[in-house]
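model the structure of this input:
(chains A and B)
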Number of protein chains: 2
Amino acid sequence: MSLSHTLADIVGRRHVSTDPDVLAARSVDHTGRYRGRASMLVRPASTEQVAEVLRACRDAGAHVTVQGGRTSLVAGTVPEHDDVLLSTELLTELGEVDVIERRIVAGAGVTLAAVQRAAAAAGLLFGVDLAARDTATVGGMASTNAGGLRTVRYGNMGEQVLGLDVALPDGTVLRRHSRVRRDNTGYDLTSLFVGAEGTLGVITGLELRLHPTPAHRITAICGFADLDALVAAGRVFRDLDGIAALELIDGRATTLTAEHAGVPAPVDGAWLLLIELAAGTDPTALLADALDGLPLAGEPAVGVDAAAQQRLWRVREALADVLGVYGPPLKFDVSLPLSAITAFAGEAAALIRSHAAEAIPVLFGHVGEGNLHLNVLRCSAAAERDLYAAMMELIARLGGNVSSEHGVGTRKRDYLGMSRTAADIAAMRAVKQAFDPTGYLNPAVMFGRS
Amino acid sequence: MSLSHTLADIVGRRHVSTDPDVLAARSVDHTGRYRGRASMLVRPASTEQVAEVLRACRDAGAHVTVQGGRTSLVAGTVPEHDDVLLSTELLTELGEVDVIERRIVAGAGVTLAAVQRAAAAAGLLFGVDLAARDTATVGGMASTNAGGLRTVRYGNMGEQVLGLDVALPDGTVLRRHSRVRRDNTGYDLTSLFVGAEGTLGVITGLELRLHPTPAHRITAICGFADLDALVAAGRVFRDLDGIAALELIDGRATTLTAEHAGVPAPVDGAWLLLIELAAGTDPTALLADALDGLPLAGEPAVGVDAAAQQRLWRVREALADVLGVYGPPLKFDVSLPLSAITAFAGEAAALIRSHAAEAIPVLFGHVGEGNLHLNVLRCSAAAERDLYAAMMELIARLGGNVSSEHGVGTRKRDYLGMSRTAADIAAMRAVKQAFDPTGYLNPAVMFGRS
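Numbers count the residues shown, from 1 in each chain, chains lettered A, B, ... in the order given. Next comes the predicted model:
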């Protein structure tokens, strides 16, 4: 029996497709930059079906690439081996919110926005937020340990994951649910599957932590003449009670947001900082005090009510929206020591000028933790490859990491050795070998060919 | 050449001992309840020496048991196989505090108290605190993912670990330092070694996260007539800005602390709750408001200044001190859903009465997360075994975990299957096999014999 028939027996015929158009559409990443080739698409509807699909593919010698919402920024879902595409899109079961234990159980294919809505309806809050919220799935976000706009307060996706259902490469199902908050029995396999980018198993279900919703919230954007002053201010804000966001915005890019999104700069300054405090008691005075002593480029814009806060957040969001005005930008997601941020910004700009004179750098990021997103707009395809490699070298030289929250995917696998030692990668490979000895699951990501 | 000579060549003669008295003293746990047998003691002074010692022991077919401060509450450092004892006591190097990145590098043998002092000297705070602070080592605490008095605010030991040096069973050295706060490059091996209880490698060095020190602190103890009311109050307090401790104290046990430690109950109530708030702005009014609406057994005791706060903490600490007045207590470290705490307390008390009528139950714990420590004083050796097993059954039945923060060690290995599924344990064994195929490292803990 052919593999497609075997898979159809498991998931039903209408959930297996070999249609070339369907496969072509799913074999490219959302930027259109990275393209692969797939042999079929399979959409299992339960954890057990995922496990059976995996076993069948392994037995048939097929490679499998797992796809969630396909919002990867490192081309993490592009099949390179004529793969079977395993989509989690039917795993959309969403449980009731447990308000006492503060958790919710969600299928891997549930979107971030759906979890956020369910939490809000129960008066609680989900700790991760990011721009792709309507498309990104919680399974994919856990697999890549996604970050976003709230990490300074609640941490990455991994810190929201209390339990997992995982279909392993050998077709067995591992259910690891803590049920209670504290659990110190044996290896932390949950943290191992988080961030493994689907190379050790397919996350099919998640038990997610929820947080109380702070009663009060205040948002501000302030401007600085230079980046050093902004980073120093960030160090003050990160210690404030209730810090909930601390976002760097490239002031130069507000000419783009003004032109293309109708969102002008709300304040003066070459570098802008969005600060949000959220707490049980009103943080207005606390924010005002903190702003008071800072060398600001002008008056800060403060949002006290929800509408004003939304307008300030719109500046940050518009920046993400306009990155594509010259076509898909070249993206760098890096983390740096706070003391190296200014040097990085300067040296990166010089690198860009020397490799692609016509390109426009746009920098933003989560400055409380040194997580920067450098986007290079209007970079020629010819310049891209050398610039990418040179940037990776720069990051490593400044003591940073080549991936801060986007993961490794296929895009950064050749640079893994800049952030991990040889012994470290050998240990990773030993773990991969233990779970997936034939290496058929997500073969293109993380390690690449070697 | 004999193994002891080989090891002496690596670490120097004076750091290898086969003295029967030395070995006997180190082959028993600190309670005197659990005793094993060791063939020699080796004290390497560097990561490289640890790695060489491991390789030599593996090549000689010797078992190795790792020892830090030997404060395990689950007999996690007792050698059962005539083992080589590998002590981390010479790994005491302590780096400078990095105040910008908020971290410190410490050898595995550095005590918790030493890290706390170094952090305080730099105006920062280490996020974990526990009673054994002067003896427990940060290496052992990371290996067991220790919890303690501050988990409601800062999480367990694992959440403080930014990077690790680990000597692997094959004698290679893995250095995994994030250098910067955010790192999303590949498998989270750090979390895998944390809580692995030395079965996958020996943690030799740690990069630890430090936190800002809150400027204001307030402490209170209040009393409740019944446990349900206390748990409900705990749910209110866990949401308060700046919650820094939330400790359940068994009010009945204050007769013991009064008699044996000169510390009487500071307030009325069968069940006491110690609350601490610590924040950048004064939390006094916030605490008063929260206390206001609660069904307290009497007036709460509030500590505004450091001396008064210390007196309140003394009630909690005295409880730990007096647990041994009838000999080593039988200890249970469990976590439960908040909704099951009252049922657990009642059923556990009944179990104790039926197995050991003369015994005295003393309950305390970190109630914000459902982490309870049940101590059974004056339990006969005859009753102990059956009571232990029955208690584990009760915990599993109520949806709890058999270990909340003490780990598995040798004491709970036979109960691992109550908190982990068969597939889950099989995956753990696959990881163990990948790192330590001959199973010579810490062979007695976690899995036990099978």
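
assign the residue nearest the centre of chain A to helix, strand or coil.
For chain A, the residue nearest the mean C-alpha position is A:Ala146 (3.3 Å; CA atoms, centre = their mean). The three-state assignment at A:Ala146 reads coil, by DSSP: H, G, I helix; E, B strand; the rest coil.

chain B contacts on the stretch 201-350 of chain A?
Counting by CB under 8 Å from any CB of the partner chain, the stretch 201-350 of chain A comes close to chain B at A:212, A:235, A:239-242, A:279-281, A:286, A:335-339. Every residue, glycine included, has its C-beta placed from N, CA and C.

skip the chain neighbours and tell me the closest residue to the residue in the stretch 151-300 of chain A that chain B sits nearest to.
Of all residues in the stretch 151-300 of chain A, A:Ser191 sits closest to chain B, at 3.5 Å by CB to the nearest CB. Nearest non-adjacent residue to A:Ser191, counting by CB to CB, 6 or more residues apart in numbering or on different chains: B:Ser191, 3.5 Å away.

tell me the contacts of that neighbour?
Residues in contact with B:Ser191 (CB atoms under 8 Å, 6 or more residues apart in numbering or on different chains) are A:188, A:191-192, B:158.

with A:Gly76 instead?
A:Gly76 sits next to A:144, A:197-198, A:407-411, A:445 when contact means CB under 8 Å, 6+ apart.

then A:Leu274?
Contact analysis of A:Leu274 by CB under 8 Å, 6+ apart lists A:219-221, A:245-247, A:249, A:312-313, A:315-316.

kindly report the same for A:Ala348.
A:332, A:361, A:363, A:374, A:391, A:394.

who wins for neighbours among these?
A:Phe332 (26 neighbours; other CB atoms under 10 Å in any protein chain shown).

quick check: can you list the domain ranges of chain A?
Here the domain parsing of chain A from automatic domain parsing is A:3-87, A:103-212, A:216-322, A:330-405.

save those domains as a markdown table, and put in distance to B:Asp9 and mean pLDDT too.
Shown next, in a markdown table, are these (distance: least, CB to CB, whole Å; pLDDT from 0 to 100):
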| stretch | distance to B:Asp9 | mean pLDDT |
| --- | --- | --- |
| domain A:3-87 | 47 | 96 |
| domain A:103-212 | 34 | 95 |
| domain A:216-322 | 49 | 95 |
| domain A:330-405 | 37 | 94 |
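
return the most buried member of the ones you listed.
domain A:103-212 (a mean of 23; mean count of other CB atoms under 10 Å in any protein chain shown).

can you map out the strands along the stretch 201-350 of chain A?
For the stretch 201-350 of chain A, the strands defined by DSSP state E, counting those that start in this stretch occupy A:202-209, A:211-212, A:216-224, A:243-250, A:271-279, A:301-303, A:330-335.

burial measure for A:Val99, as a count.
By the measure other CB under 10 Å, the count of residues near A:Val99 is 14.

so who does the closest residue in space to it that isn't next to it in sequence touch?
Nearest residue to A:Val99, sequence neighbours excluded (CB to CB, 6+ apart): A:Ala122, at 5.6 Å. Going by CB under 8 Å, 6+ apart, A:Ala122 touches A:97, A:99, A:210.

can you put those residues in TSV and add distance to A:Ala8?
Formatted as TSV, these follow (distance: CB to CB, whole Å):
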residue	distance to A:Ala8
A:Val97	36
A:Val99	42
A:Leu210	38
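
what about chain B: which of the contacts of A:Gly76 touch it?
Applying CB under 8 Å from any CB to the contacts of A:Gly76, those adjacent to chain B are A:144, A:407-408.

for A:Asp82, see how far away A:Ala444 is.
Applying CB to CB, to the nearest Å, the value for A:Ala444 to A:Asp82 is 11 Å.

OK, contacts around the closest residue to A:Leu277 other than its chain neighbours?
Of all residues not flanking A:Leu277 in the chain, A:Pro283 sits nearest, at 3.9 Å (CB to CB, 6+ apart). Neighbouring residues of A:Pro283 by CB under 8 Å, 6+ apart: A:216-218, A:240-242, A:277.

circling back to that earlier point, between the domains of chain A, which gets nearest to B:Pro20?
Nearest of the domains of chain A to B:Pro20, taken as CB to CB: domain A:103-212 at 34.2 Å.

doesn't A:Val322 make contact with A:Ala261?
Yes: between A:Ala261 and A:Val322 there is a contact under CB atoms under 8 Å: 5.4 Å.

who's in contact with A:Val50?
Counting by CB under 8 Å, 6+ apart, A:Val50 makes contact with A:44, A:86, A:88, A:91, A:167, A:202, A:204.

which residue packs closest to the residue nearest to the centre of chain A, ignoring adjacent ones?
Nearest to A:Ala146 is A:Met157, by CB to CB, 6+ apart, at 4.6 Å.

same deal with A:Thr151?
Leaving out its chain neighbours, the residue that sits closest to A:Thr151 by CB to CB, 6+ apart is A:His366, at 5.8 Å.

returning to what we had before: just the residues of the stretch 201-350 of chain A next to chain B: which are in helices?
Judged by DSSP state H, helices contain the following of these: A:235, A:286.

buried residues of stretch A:430-442, list them for me.
By neighbour count on 16 or more other CB atoms under 10 Å in any protein chain shown, the buried set for stretch A:430-442 is A:431-432, A:434-436, A:440-442.
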